[in-house]
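**Q** Pasting the sequence and the predicted coordinates here, then a few questions.
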Amino acid sequence: MKLSSVLGGKAIRVGALTAGLIVCGCASTTSLDDPDAVYDPIEPVNRYVFEVNYFLDEMFIKPSAYIYRAALPDPAQRGVRNALSNLRMPWTAINDLLQGEFDRAAVAGGRFAINSTLGVLGLFDVAGDIGLPHHEEDAGQTFAVWGLPEGPYIVLPIFGPSNARDAVGLVGDYFGDPVNIVARQYPDGDQFILGRGVLTGVSTREQVIEVLDELQRNSVDYYATLRSVYRQRRQNEIRNGAPEEDRPRPSASPPESRPVAIAPTSGGESDPAVQFPDGGY
């Protein structure tokens, strides 16, 4: 069986599950009074998956990130980050268009065209040097702009912190990304998609080794800290760095403890060099 069939089947099952959770989450929410609350109705299950992910990270992912750091000098790592970021630009441009952000779509498209050519397949960020700033969009952000509620908080195996809306968005990202669509037309396309995902995960994990270690050292409850950090980061990405009052209306959720404050990246954009991973734990 081809890898794409396996991943496709899993993606469909995740989509069906999380779509159901969105409905359940909407039906079960009780208050709109606290937009900063995180709705976590399956916390015991989430904590179990979190612990499994943490074990896998400590045993395999984090050591791989250290090996990657030791094997590649900083310029080579920067080139890998640039190339991976460049591959995300077509999907970013499409999501910008779906969100009605035509200027940002033009920037994303321009970055892909310039960096794929003058930047030697994206290894060098020539577009950034001439004034086209980096940003990224995904299906989960598009769903948020369209007004879909985020639903309950979910910890996905391997992928880590998420919610029902973003989990469905992952399925959209997998099937809708033009780079993946083109890759599937070739015999080794599945291997390319898998390799791209693994390299993205290891590269991103290497970037946040110290950040996550510091969070863990300073957290009374590491699970709750990452949950709050994840949600605040996603809200900032959805707003494109706009002030809090301009954010899309969040889903209703029961009140709970105040989230941990974090500083967004400059201008509210996702920095390709330093950002929290969507996967991991």
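**A** Thanks, I have it. Numbering: from 1, shown residues only.
**Q** The protein: helices as residue ranges?
**A** Using DSSP state H, the helices of the chain run over 3-28, 43-56, 62-71, 74-87, 89-98, 102-117, 126-129, 139-145, 164-176, 178-183, 189-207, 209-217, 222-239.
**Q** Can you pull out the low-pLDDT segments for the protein?
**A** For the chain, the stretches with pLDDT under 70 are 1-36, 245-281.
**Q** go with 90
**A** Flagging of the chain using pLDDT under 90 yields the residue ranges 1-38, 241-281.
**Q** Could you identify which of the helices of the chain is most buried?
**A** Most buried of these, by mean neighbour count (mean count of other C-beta atoms under 10 Å): helix 139-145, with a mean of 23. Placement of C-beta: from N, CA and C, glycine included.
**Q** ok so, going back, please tabulate the helices of the chain in a markdown table, including the columns distance to L156.
**A** Below are the helices of the chain laid out as a markdown table (distance: least, C-beta to C-beta, whole Å):
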| stretch | distance to L156 |
| --- | --- |
| helix 3-28 | 8 |
| helix 43-56 | 7 |
| helix 62-71 | 18 |
| helix 74-87 | 21 |
| helix 89-98 | 20 |
| helix 102-117 | 26 |
| helix 126-129 | 31 |
| helix 139-145 | 12 |
| helix 164-176 | 6 |
| helix 178-183 | 19 |
| helix 189-207 | 13 |
| helix 209-217 | 17 |
| helix 222-239 | 11 |
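**Q** closest one to P157 among the ones you listed?
**A** Closest to P157 of those is helix 43-56 (C-beta to C-beta; 5.9 Å).
**Q** Keeping just the C-alphas, turn the closest one into CSV.
**A** Once non-C-alpha atoms are left out, helix 43-56 reads as follows in CSV (Å, rounded to 0.1, in the frame of the first residue of the first chain):
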residue,chain,number,x,y,z
GLU,A,43,-8.1,16.8,29.5
PRO,A,44,-7.3,13.3,31.0
VAL,A,45,-7.0,11.9,27.5
ASN,A,46,-5.0,14.9,26.3
ARG,A,47,-2.6,14.6,29.2
TYR,A,48,-2.1,10.9,28.4
VAL,A,49,-1.3,11.7,24.8
PHE,A,50,0.9,14.5,26.0
GLU,A,51,3.0,12.2,28.1
VAL,A,52,3.3,9.7,25.2
ASN,A,53,4.5,12.5,22.9
TYR,A,54,6.9,13.8,25.6
PHE,A,55,8.4,10.3,25.8
LEU,A,56,8.8,10.1,22.1
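**Q** looking at it, L215 is touching A224, isn't it?
**A** No. Using C-beta atoms under 8 Å as the test, L215 is too far from A224 to be in contact (11.1 Å).
**Q** hang on, the earlier thing: quick check: which of the helices of the chain is nearest to V155?
**A** Shortest distance between V155 and the helices of the chain, using C-beta to C-beta, is found for helix 43-56: 4.2 Å.
**Q** Other residues contacting the closest one?
**A** With contacts defined as C-beta atoms under 8 Å, 6 or more residues apart in numbering, helix 43-56 is touched by 40, 153-158, 160, 223, 226, 280-281.
**Q** Pull out the buried residues from those.
**A** With neighbours counted using 16 or more other C-beta atoms under 10 Å, the contacts of helix 43-56 contain these buried positions: 40, 153-156, 160, 223, 226, 280-281.
**Q** quick check, nearest of those to V171?
**A** L156 (11.4 Å).
**Q** I'd say that closest one and S162 touch.
**A** Yes. With contact defined as C-beta under 8 Å, L156 reaches S162; the gap is 5.1 Å.
**Q** hey, what's in contact with both of those two?
**A** L170.
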